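1. Here you go, sequence then predicted model.
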Amino acid sequence: MSEEFKRIIVSRTDNIGDVVLSLPVFASLKKCFPTTETVALVSDYTADVVRSSSHVDNVITWNYDESILSAYKKLKKNPADAIVILFPRFKIAAASFLARLPIRIGIAYRWYSFLFNRKVREHRKHSVKSEAEYNLTLVEALGCESKVLEIRLNVDKSASDSVDAFLDQNCLTKFIMVHPGSGGSAFEWGAENFREVVKDITDAIGENIVVTGTASERSLCTKISEGIGNAVNAAGRFSLLEFIALASRADLFISNSTGPLHLAASVGTPVIGIYPNKKPMTPVRWSPLTDKKIILTPNDGSDNLSLITTRDVLQAIRKLIPAIAK
């Protein structure tokens, strides 16, 4: 590689799952350029995700409701040799152009792509490979051809202590996490199905359940856990770092196709994901990067998640972790 870089900024300012699937970019950059400082440009909401990665050296936060001027000032304060814009944002593209970052990498098919001086010609709409692989295509424009398709997040010590206190308080040593919501970012299996599978797990397997969600999903989690003795409703209970720590303790994680599924996979926990077949949402593109997973989709090729039964989930549990499903 002929180019040398002191600092490279990688921008991914959307949601948790998207940010998790951007982490192989940082690992690959570190493999290609070991002495280069890698900087993540992300939203406040996802900042703790990238801070949990050993391959991210620094973090800049910028939210979509902020201005181009705000982004410009932050880029000028943190001058870099290159910026890789994984998720297209006009404001970030414009700010990086105005800040005169020497190398500006982005996809070639936006109206503002003239702001990039290294353009990647690849459409993602066909969803023929993982989002992580699409992300890695952009760093090839830096001459980095190493592709590290692995994700491993570190668990924060303070968050781990807080989670240990919660587990002790609820007498939980072994448990399965069930995360029924999606924040509107994915098709959902539905409260009735999740409640039925929680009951089946506690009855047939005898495992404890921790139902998780945001504070706004508390009523959803109540519908699923209420009246089931082995189920604990923990909606709104944890910070993002604590959620990562809790997922690292779980025997298994079950959810729709959503960011928390990727977080659980990134700490080595086996996962079961419930996905539609719809092209932009297909598991081919959005499946977690782990070997310890089973992804369930409607068997008729549709997006009708009601075709996935609780029996399908129980069978997946028995395949994935037979030791606890006897």
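-> Structure received. Residues are numbered from 1 along each chain as shown.

2. Verify the contact between residue 286 and residue 17 for me.
-> Yes. The criterion here is Cβ atoms under 8 Å, and residue 286 meets it with residue 17 at 6.9 Å. Quick note: C-beta positions are derived from backbone N, CA and C, even for glycine.

3. Common neighbours of the two, please.
-> residue 257 (Cβ atoms under 8 Å, 6 or more residues apart in numbering).

4. same question for the helix or strand containing residue 133, mean pLDDT?
-> Residue 133 is part of helix 131-139, with elements assigned from DSSP states H and E. What helix 131-139 shows for mean pLDDT is 96.

5. again with stretch 247-257
-> Rounded mean pLDDT across stretch 247-257 is 97.

6. What's the local residue count around the closest residue to residue 24 other than its chain neighbours?
-> Leaving out its chain neighbours, the residue that sits closest to residue 24 by Cβ to Cβ, 6 or more residues apart in numbering is residue 132, at 4.8 Å. Using other Cβ atoms under 10 Å, residue 132 has 24 neighbouring residues.

7. For residue 280, grab the count of nearby residues.
-> 11.

8. try residue 28
-> 24.

9. Which of the helices or strands spans it?
-> Under the criterion of DSSP H and E, residue 28 resides in helix 23-32.

10. tell me which strands and helices that helix is in contact with?
-> strand 7-11, strand 37-42, helix 131-139 (3 or more Cβ pairs under 8 Å, 6 or more residues apart in numbering; DSSP states H and E).

11. Quick one: closest of those to residue 204.
-> With Cβ to Cβ as the criterion, residue 204 lies closest to helix 131-139 of these, at 34.7 Å.

12. Averaged pLDDT, the longest helix along the chain. What do you get?
-> Using DSSP state H, we find that the single longest helix of the chain is helix 157-169. Averaged across helix 157-169, pLDDT comes to 98.

13. Show me what that helix is packed up against.
-> Using 3+ Cβ pairs under 8 Å, 6+ apart, helix 157-169 is in contact with helix 240-249.

14. and the helix it packs on, how far from the chain's centre?
-> Centroid separation for helix 240-249 versus its chain: 13 Å, with Cα atoms, centre = their mean, to the nearest Å.

15. go on, stretch 26-36?
-> Taking mean C-alpha positions (Cα atoms, centre = their mean), stretch 26-36 and its chain are 21 Å apart.

16. Residues touching it, excluding its own?
-> So stretch 26-36 is contacted by 1, 4-8, 10, 38, 40, 50, 53, 55-56, 136, 139, 142-148, 150-151 (Cβ under 8 Å, 6+ apart).

17. Since that was my last question, I'll sign off now.
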